[in-house]
Structure formats: C-alpha cells, structure tokens
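K.L.:
Generate coordinates for the sequence data below:
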Amino acid sequence: MSANDDQAAVERVLGGDVSAFEEIVQRWQGPLINLAYRFCRDRGRAEELAQEAFLRAYRGLKQWRQEASFSTWLFALATNLYRSELRRIPARTVPIEDVPEPADTRISATNFEDRDRDSAVRRAVLALPAKYREALILFYFHEMDVPAAARSLGLPEGTVKARLFRGREILRNKLPQTLSVPYLKEA
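P.N.:
Next comes the predicted model:
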C-alpha cells in the first residue's frame with residue numbers, strides 16, 4: 001500500500017465506504033502500536049492507545065488537508081494523543097542514573113553483544129526526559145527525518161534538532177563510548 005492507496009482509502013471513507021478504513025488500520029496498526037509502545041513500554045496500553053488513535057483519525061479524516069502525507073498526519077495525531085495520555089496517566093519511568101551500565105560485552109558472542117547494546121541504548125533513551133525521548137524515538141526508532149518528526153511533535157524543526165542534539169549529548173555522557181557511536185549519528 002502506498003501514499004496514493006492511503007489517499008484513495010481516505011476518499012472512499014469520506015464518500016461513505018466505512019469499510020475502506022480497515023485498509024488504513026491494517027497498514028498502520030503495527031507502526032502505531034510500536035510508536036505507542038516506545039512511549040509507554042506496556043504492550044496492552046500501547047494497543048489501547050493505538051486503537052484510540054485510529055478512532056480519532058477516523059473521526060477527524062476531514063481535517064487531513066493533504067499538505068503532508070497521510071502517514072505524517074496520522075503519526076502527528078497519534079504522537080499528540082500518546083503524549084497527552086502519558087501526561088494524564090504517566091508511564092513508569094526510571095531515572096537515567098538508575099539505568100545499569102551494560103555488561104562487559106567483549107566476553108559475549110556477537111549476537112549477545114548486539115542484543116545487550118540495543119537493550120542498554122533503549123533503556124537509556126526511555127530514561128531520558130520526555131522532550132528528548134520523543135524526538136529520539138521518532139528520529140531513530142521510527143526513522144523519521146527532522147521535518148517529519150517536527151510535524152509529528154508539532155514543533156519547529158530547529159527545536160527538534162536541538163532536542164536531538166541535547167538527547168544525544170545526555171546519552172553520550174551516560175553510555176560507554178563503544179555503545180554510543182553506531183546509534184547516535186547526527187541529524
């Protein structure tokens with residue numbers, strides 16, 4: 001399914017074919033649940049948040065102005081929902097100082113090294129203050145470019161760049177140099 005398929009499905013829904021929304025859900029359900037999970041770290045809550053995002057998207061389809069792609073609009077809607085829900089009912093967070101240092105990965109096999117490194121980086125990112133965590137999640141884990149992340153967060157691009165820079169700095173100071181290099185490429 002492409003951006004044109006999304007647009008065609010939206011047009012069919014707006015034309016009265018409610019079942020066309022199922023195509024949208026099938027295409028974007030996984031990415032929206034993954035995004036929600038990165039915000040709350042609870043699979044059940046992530047599924048509920050994604051379901052609420054789809055409900056809001058369905059109700060607000062007429063508000064999509066098609067200036068940006070449908071996926072950008074949908075991710076912005078979902079990101080805003082997730083952020084407001086987590087402010088209302090916060091996810092359990094761990095202070096960055098409490099994130100354990102990763103084990104000495106030189107002893108482990110390569111796949112264990114990669115898994116340990118990935119786990120340590122993800123834990124450290126989740127322990128960041130929300131404004132840095134959100135920017136890093138969209139940019140690195142969802143591979144959005146700065147303009148798309150800025151639209152999703154409802155922020156100027158410069159603010160997103162600054163948050164990415166500051167978030168990377170915090171991570172570089174927390175994680176050993178061997179962990180931070182492959183993950184923290186510049187925006």
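K.L.:
Now for F141, how many residues are close by?
P.N.:
Using other Cβ atoms under 10 Å, F141 has 14 neighbouring residues. Every residue, glycine included, has its C-beta placed from N, CA and C.
K.L.:
Excluding chain neighbours, give the residue nearest to it in space.
P.N.:
Nearest non-adjacent residue to F141, counting by Cβ to Cβ, 6 or more residues apart in numbering: R38, 5.8 Å away.
K.L.:
So what's the residue count around that neighbour?
P.N.:
So R38, with other Cβ under 10 Å, has 20 neighbours.
K.L.:
same question, R43
P.N.:
Number of residues near R43 (other Cβ under 10 Å) recorded here: 11.
K.L.:
Please identify which helix or strand holds the nearest residue to it once chain neighbours are set aside.
P.N.:
Excluding the flanking residues, the one nearest R43 by Cβ to Cβ, 6+ apart is Y37, at 6.3 Å. For Y37, the element it lies in under DSSP states H and E is helix 21-40.
K.L.:
If you count contacts, what does that helix end up packed against?
P.N.:
On a contact count with 3 or more Cβ pairs under 8 Å, 6 or more residues apart in numbering; DSSP states H and E, helix 21-40 meets helix 3-14, helix 43-59, helix 70-88.
K.L.:
what's the closest of those helices to E22?
P.N.:
E22 lies closest to helix 3-14 among the helices and strands packed on helix 21-40, at 8.7 Å (Cβ to Cβ).
K.L.:
Give me the contacts around the closest one.
P.N.:
For helix 3-14, contacts defined as Cβ atoms under 8 Å, 6 or more residues apart in numbering pick out 20-21, 23-24, 27, 58, 61-62, 64, 66, 69-71.
K.L.:
what about that helix, average pLDDT?
P.N.:
Averaging pLDDT along helix 3-14 yields 88.
K.L.:
List the buried residues in it.
P.N.:
For helix 3-14, burial by neighbour count (16 or more other Cβ atoms under 10 Å) applies to 6, 9-10, 13.
K.L.:
and the residues you listed as a markdown table, adding distance to R87?
P.N.:
Shown next, in a markdown table, are the buried residues of helix 3-14 (distance: Cβ to Cβ, whole Å):
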| residue | distance to R87 |
| --- | --- |
| D6 | 29 |
| A9 | 31 |
| V10 | 29 |
| V13 | 30 |
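K.L.:
Looking at these, which is nearest V121?
P.N.:
Distances from V121 to those, taken as Cβ to Cβ, are shortest for D6 (31.6 Å).
K.L.:
if we can go back for a sec, quick check: mean pLDDT of the helix holding Y37?
P.N.:
Across helix 21-40, the average pLDDT comes to 90.
K.L.:
Stretch 57-64 too?
P.N.:
pLDDT averaged over stretch 57-64 gives 90.
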